[in-house]
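Chemist: Below: sequence and its predicted model.
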Amino acid sequence: MARSLLAQHPDVGSALRPVPDAQRARLLDAMIRVVAERGYAAAPVTDVVRAAGVSRSTFYELFASKEACFLEGYRAGVDVMVENVRAGVREAPDDWRAQLRAGIRAYLETLLAEPVFARAYLLEIHAAGPAALEARGEAMRRFADRYQASFDSARAADPALRPPPREALLVLCGGTEQLLAERVRAGRLRGVRELEDIFCHCAESVLLGPPASHPTPLED
């Protein structure tokens, strides 16, 4: 049986970790599963501890709240997704377009292989309160950094390229998430591979647009 996404995280999935850490790992995995199945608002701690096979008192020894547990699981999953994208890029040919496509493919394949986490990541994060929205913003910035790395590779090949505004990279990430969220909501996650070409085209358009097409970056 394949390990869950969270079990692939080095700080979560090791079978050799002490008992409290193993219990923490089971709770993180159970939280994501229960939230994905029932929705964040309808996922009580009682159901999470039952799914994890630990006591309620153990849960509160390890986590301050349901929110804290969910967000730790969310961030651990994002860590694995980012590393999968990096690994995809590293294994691609030494060509920035091939590396861009490999990163996008790794992102999509990770979500496709992990429908439970995909639902928590793309849909339920919006229901978990202000701290969750900040965690989502952190994730968006990390994926924008991956697009920035692709642009840096493109610029190394063609120094005449002008950097796109940071805001454009965040729009790219947000649009990607929105399309994927619609697929998950409609129960059509299995068809996300067909979006690969669209995402690659959009990314290349942002990265390679003529200088005049890039608006002036917004002031903070």
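Modeler: Nice, I can see it.
Chemist: contacts, neighbours, all on C-alpha from now
Modeler: Fine.
Chemist: For this protein, give me the ranges with low pLDDT.
Modeler: In the predicted model, the chain carries pLDDT under 70 at residues 1-3, 9-19, 210-220.
Chemist: Spatially central residue for it, please.
Modeler: In the chain, the residue lying closest to the centroid (C-alpha atoms, centre = their mean) is V78, at 4.1 Å.
Chemist: show me where the chain has helices.
Modeler: In the chain, helices defined by DSSP state H lie at 19-38, 45-52, 56-62, 66-91, 96-113, 115-122, 130-157, 166-185, 196-208, listed in chain order.
Chemist: How about exporting the last one as PDB, limited to the C-alpha atoms?
Modeler: Read it as helix 196-208. The C-alpha coordinates for helix 196-208 follow below in PDB (Å, rounded to 0.1, in the frame of the first residue of the first chain):
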ATOM      1  CA  GLU A 196      -0.900  20.400 -18.200                       C
ATOM      2  CA  ASP A 197      -0.600  22.100 -21.600                       C
ATOM      3  CA  ILE A 198      -2.900  25.000 -20.500                       C
ATOM      4  CA  PHE A 199      -0.800  25.600 -17.400                       C
ATOM      5  CA  CYS A 200       2.400  25.400 -19.300                       C
ATOM      6  CA  HIS A 201       1.100  27.800 -22.000                       C
ATOM      7  CA  CYS A 202       0.000  30.300 -19.300                       C
ATOM      8  CA  ALA A 203       3.300  30.100 -17.500                       C
ATOM      9  CA  GLU A 204       5.300  30.600 -20.600                       C
ATOM     10  CA  SER A 205       3.100  33.600 -21.600                       C
ATOM     11  CA  VAL A 206       3.800  35.200 -18.300                       C
ATOM     12  CA  LEU A 207       7.500  34.500 -18.400                       C
ATOM     13  CA  LEU A 208       8.000  35.300 -22.100                       C
END
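Chemist: How is this protein divided into domains?
Modeler: Per the record, the chain has its domains at 6-62, 73-212, by automatic domain parsing.
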